[in-house]
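Enquirer: Provided below for reference: sequence and predicted model.
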Amino acid sequence: MTSPSAQIPRRHDLDALRAMAMLLGIVLHGLISFMPGAGVFWGVQDIHTSPAFGVLMAAIHGWRMPLFFLVSGFFTAMLWRKRGLKALVWHRFRRILVPML
């Protein structure tokens, strides 16, 4: 663990990047019903479809999820430096595994 005087500052740029990826997720899921053939895997199919929506969806989906993993790695490394490995594992256990039970 680091001393309180050597705290790692919050990375607001990474927060903004994560927020942008989340907002693009809303756009992506909104586009699905307008894609041709979406009724096969999506519950709703609009009668006004366009292949352009599929292209836009592919452009967003191709990098959005890998971006979440990349940003998550940065935040995990920052948390590890701030709290140490034992506290990081305990924090992740409480935040992820306990709600899954």
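Expert: Perfect, I can see it now.
Enquirer: From now on I want contacts and neighbour counts done on CA atoms only, so please keep to that.
Expert: Noted.
Enquirer: In contact with the residue minimising distance to the centre of the chain: list those residues for me.
Expert: Nearest to the geometric centre of the chain sits F68, at 3.8 Å (CA atoms, centre = their mean). F68 makes contact with R18, A21, according to CA atoms under 8 Å, 6 or more residues apart in numbering.
Enquirer: For V55, see how far away it is.
Expert: From F68 over to V55 the distance is 21 Å, taken as CA to CA, to the nearest Å.
Enquirer: Any regions of this protein where pLDDT drops low?
Expert: For the chain, the stretches with pLDDT under 70 are 1-6.
Enquirer: secondary structure element for H91?
Expert: Assigned by DSSP states H and E, H91 falls within helix 85-92.
Enquirer: same for the next helix or strand after that helix, what does it pack against?
Expert: Later in the chain than helix 85-92, the nearest helix or strand by DSSP H and E is helix 98-100. Helix 98-100 is packed against no helix or strand, with contacts defined by 3 or more CA pairs under 8 Å, 6 or more residues apart in numbering; DSSP states H and E.
Enquirer: Buried residues, helix 98-100. List them.
Expert: For helix 98-100, a neighbour-count test (16 or more other CA atoms under 10 Å) marks nothing as buried.
Enquirer: cool, and stretch 83-101?
Expert: Result for stretch 83-101 [16+ other CA under 10 Å]: buried residues L88.
Enquirer: Check which helices and strands the helix holding H91 sits against.
Expert: Checking 3+ CA pairs under 8 Å, 6+ apart, helix 85-92 ends up next to helix 51-83.
Enquirer: Name the residues of the helix it packs on that are buried.
Expert: Across helix 51-83, burial judged by 16+ other CA under 10 Å covers F53, G54, M57, I60, H61, R64, F75, M78, L79, W80, K82.
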